[in-house]
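K.L.:
sequence-free structure coming up:
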């Protein structure tokens, strides 16, 4: 199954790449501001994005509404969250640091 992965240009993590995992195995490196097509192995159950020790929640492939996803930093669009909750997202909220959104 092929999916189209988009990572917007966000200030946070601008110098680092995200990694996309399918059932725990790395399948792609996601660069800032790029759209790319990623081939998921047959029978993939879940995908997850990671950066360093932080990650997104696991997303079931069966729950994706389309074949396009956006991987982004959770708090990048909210300056208040970026200023006050950054420590939360890199410690206790490390599994919510990134967000995978599905689109048609």
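P.N.:
Received, thanks. Please read all numbers here as calculations on a predicted model, not as lab measurements.
K.L.:
could I get the pLDDT score of residue 83?
P.N.:
For residue 83, the pLDDT comes out at 66.
K.L.:
okay, and the helix or strand of this structure with the least pLDDT?
P.N.:
When each helix and strand of the chain is scored by mean pLDDT, DSSP states H and E, helix 79-84 comes last, with a mean of 66.
K.L.:
could you point out which element follows it?
P.N.:
The element immediately downstream of helix 79-84 (helix or strand, assigned by DSSP states H and E) is helix 86-90.
K.L.:
residues in contact with residue 59?
P.N.:
Applying C-beta atoms under 8 Å, 6 or more residues apart in numbering, we find residue 59 in contact with 46-48, 69, 100, 102. For every residue, glycine as well, the C-beta is placed using N, CA and C.
K.L.:
now render these as CSV, adding distance to residue 16 and pLDDT.
P.N.:
What follows is these, written out as CSV (distance: C-beta to C-beta, whole Å; pLDDT from 0 to 100):
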residue, distance to residue 16, pLDDT
46, 23, 97
47, 19, 97
48, 16, 97
69, 19, 94
100, 17, 94
102, 23, 90
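K.L.:
and the residues you listed, which of them are in helices?
P.N.:
Using DSSP state H, no member of the contacts of residue 59 sits in helices.
K.L.:
of these, buried ones?
P.N.:
Buried members of the contacts of residue 59, scored by 16 or more other C-beta atoms under 10 Å, are 47-48, 69, 100.
K.L.:
in CSV, list the residues you listed along with distance to residue 3.
P.N.:
Shown next, in CSV, are these (distance: C-beta to C-beta, whole Å):
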residue, distance to residue 3
47, 8
48, 13
69, 6
100, 10
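K.L.:
and the two most separated of the residues you listed?
P.N.:
Among the buried ones among the contacts of residue 59, the pair separated by the greatest distance (C-beta to C-beta) is 48 and 69, at 11.4 Å.
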